[in-house]
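Chemist: My questions are about this predicted structure, shown below with the sequence.
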Amino acid sequence: MAEEDRDNMVINIKNEYESYDPDEYKSKLEKKCIYRWPSILSITSSKSMHRIPHMASLGPYHHGETHLPPMEHHKERALYRVLKRSGVSISDLVGSLKGVEQDLRDSYDDLDRKLTSDSFLRMMLFDGCFMLELFNARLKPDPKDEDDPVFSVDSVVMGTVILRDMLILENQIPLLVLRKLHGIVEKKEINDDSFLKELFEKALGLFDLPVNERNLHILDIYRKCLIMESAPMQQTTPSAQVSTKPVSTRCLSGLHVAGEKLKSVLTSIPTLDCRALCCRPILKSHVRSAMRFHEAGVGFKKGKPENGLKITFENGVLTLPSILVDDHTAAIYMNILAFEIMHPKLWKQRKMISFVGFMDSLVDTAEDVNLLCSRGIMMNMLGSDEEAAEVFNNLGVGIPYCPDYKLYNPLQEYAASGWNAARAYLKRKYFRNPWAAVSLLAAIVLLDLTFLQSFFSVWSYLFAVQVQLSGLTQSRGRSDMTTCKLTPLLK
């Protein structure tokens, strides 16, 4: 009996092997764009809460969860509103989705095979109409909806669903659903995402949408707008640039040539701390926080909005994109990270992964947040700087960070220079305000004058000695000549 079971197993494996088509697998893999969270992130309890929608399920992964059914009624209301304002029939809407059902199914990874066609299409219909109606209500507010719990502009539900739940990786529906439904409503064929441009500008604050590209879902568009060359998510708050020009050190060189008198004068001047030149260089092997870089002489500057998440380091200045930290930042960033980890093409680029990994090393404490906020780089909408620091510290846990060495190596080499640290220390201590600068300049002037006074005193003394010696020499010469003249006479 055991041998018969083994033969059956061999036959089954053989049939599966013979039916396997690598090209078919590759084709299906390219179509997948909506995934469950990777285990490397989901095993962390503090992060798992970011994979779950708060108010509305979109798609099959979270459909029917215990805390989400109350929103199903409003999805039915959304379908009713779409039908009423467009005049189309339910049959037209369902027919448009039926023709692309397989493409929609192929978009999901690990889709339940038991999910029937009717259940799947019903879900896509209700979820798609719900999203379109939320966008439409935000774009064209109706005074009649002023007190509506969901479809009013000021609705808490609308804000939470649009700004958070629609950006959860496991809570996506393919954009193809919105294209088909919107095409039926507008009674025209839609082949790109330009119809979403105005909707997204007012609903999500996203501008310059990549409408000519093949966009997969809402999260994909949000990511592209965040990292693309034209990055609408950046803030426009002006920032201050830290100068790294060297400070004059003539006062320090004077210590090597001044005598005891100069030292006593120097100690009577407001404290001139020379410890900066003895700063221990920072080792290259350790990742630095913003404050450590700042102490090492690195300046910070806010980048231009059109540069997206690009980070550059030139002439001692680290340029970073503007970062808004609020209640939804952690959830949005974590889901973009999960998307990049799961999607093969995005994993090759790893733009968000690299950015978050760098920010995790840069932001360790509240002091780092305060520094970045003071430069206009970070806008902290949370209760404290400690909370903002915790956001980035938690984001980096479990992320396979691969640093950009073209950026990282020059930055580390600059920070490892003791001379750069000395210049930064002198600048912070003696040029932090006008009075400190005036005090330092006065010290330098006094030191120079004291040096000149000592120099001329020594020079005058040496000149007097030289004159006396010259006089003695001349006197001795005349005495010798007189002696020579008297010698013959005495004989």
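Modeler: Arrived safely.

Chemist: Identify each buried residue in stretch 171-191, please.
Modeler: 171-182, 184-185, 190 (16 or more other CB atoms under 10 Å). From N, CA and C alone the C-beta is placed, and that goes for glycine too.

Chemist: And for that stretch, what's in contact with it?
Modeler: The contact list for stretch 171-191, computed with CB atoms under 8 Å, 6 or more residues apart in numbering, reads 33-34, 53, 56-59, 61-62, 82, 86, 88, 92-93, 96-97, 99-100, 103-104, 107, 124-125, 127-129, 131-132, 165-166, 193, 195-196, 215-221.

Chemist: ok, of those residues, which come out buried?
Modeler: With neighbours counted by 16+ other CB under 10 Å, the contacts of stretch 171-191 contain buried members at 33-34, 53, 56-59, 61-62, 82, 86, 88, 93, 96-97, 100, 104, 107, 124-125, 127-129, 131-132, 165-166, 193, 195-196, 215-221.

Chemist: So which of those residues sit within helices?
Modeler: Under the assignment DSSP state H, those contribute 82, 86, 93, 96-97, 104, 124-125, 127-129, 131-132, 196, 218-221 to helices.

Chemist: Among the buried residues of stretch 171-191, which are located in helices?
Modeler: Short answer: the buried residues of stretch 171-191 in helices (DSSP H) are 175, 176, 177, 178, 179, 180, 181, 182, 184, 185.

Chemist: Adding distance to residue 449, write those residues out as TSV.
Modeler: Listed next are these as TSV, based on distance: CB to CB, whole Å:
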residue	distance to residue 449
175	75
176	81
177	81
178	78
179	80
180	84
181	83
182	80
184	88
185	84
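
Chemist: for the residues you listed, which one is nearest residue 358?
Modeler: Closest to residue 358 out of those is residue 175 (30.2 Å), distances taken as CB to CB.

Chemist: what pLDDT does the closest residue in space to residue 352 that isn't next to it in sequence get?
Modeler: Residue nearest to residue 352 in three dimensions, not counting chain neighbours: residue 336, with 4.8 Å by CB to CB, 6 or more residues apart in numbering. pLDDT, residue 336: 95.

Chemist: which ones are touching residue 336?
Modeler: 219, 222, 223, 226, 352.

Chemist: That one: which element?
Modeler: helix 329-342 (DSSP states H and E).

Chemist: Convert that helix to CSV, retaining C-alpha atoms only.
Modeler: The C-alpha trace of helix 329-342 is given here as CSV (Å, rounded to 0.1, in the frame of the first residue of the first chain):
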residue,chain,number,x,y,z
THR,A,329,3.5,59.1,7.5
ALA,A,330,4.5,55.8,9.0
ALA,A,331,1.7,53.9,7.4
ILE,A,332,2.3,55.4,4.0
TYR,A,333,6.0,54.9,4.0
MET,A,334,5.7,51.3,5.3
ASN,A,335,3.3,50.4,2.5
ILE,A,336,5.5,51.9,-0.2
LEU,A,337,8.4,50.0,1.3
ALA,A,338,6.4,46.8,1.3
PHE,A,339,5.4,47.5,-2.4
GLU,A,340,9.1,47.9,-3.4
ILE,A,341,10.1,44.7,-1.6
MET,A,342,7.4,42.6,-3.3
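
Chemist: which parts of the following helix or strand past that helix are buried?
Modeler: Following helix 329-342 in sequence order, the next helix or strand is helix 344-349 (DSSP H and E). Neighbour-count burial for helix 344-349 flags residue 346 (criterion: 16+ other CB under 10 Å).

Chemist: And stretch 102-113, by the same measure?
Modeler: In stretch 102-113, the ones that count as buried by 16+ other CB under 10 Å are 104, 105, 106, 107, 108, 109, 111.

Chemist: helices or strands next to whichever strand or helix holds residue 412 in the packing?
Modeler: Taking DSSP H and E as the criterion, the element that holds residue 412 is helix 405-415. Judged by 3 or more CB pairs under 8 Å, 6 or more residues apart in numbering; DSSP states H and E, helix 405-415 is in contact with helix 290-295, strand 312-314.

Chemist: Give me the contact list for it.
Modeler: Helix 405-415 is contacted from outside by 282, 284, 288, 292-293, 296-298, 311-313, 316, 318, 358, 420, using CB under 8 Å, 6+ apart.

Chemist: next one: that helix to chain centre, how far?
Modeler: Helix 405-415 has its C-alpha centroid displaced from the chain centroid by 17 Å (CA atoms, centre = their mean, to the nearest Å).

Chemist: for it, which positions count as buried?
Modeler: 407, 408, 411, 412, 414, 415.

Chemist: could you dump the residues you listed to TSV with distance to residue 43?
Modeler: Formatted as TSV, the buried residues of helix 405-415 follow (distance: CB to CB, whole Å):
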residue	distance to residue 43
407	30
408	28
411	32
412	32
414	38
415	34
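
Chemist: Distance to residue 345 and pLDDT added to those residues, as TSV?
Modeler: Shown next, in TSV, are these (distance: CB to CB, whole Å; pLDDT from 0 to 100):
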residue	distance to residue 345	pLDDT
407	23	87
408	24	83
411	29	87
412	30	85
414	34	83
415	34	79
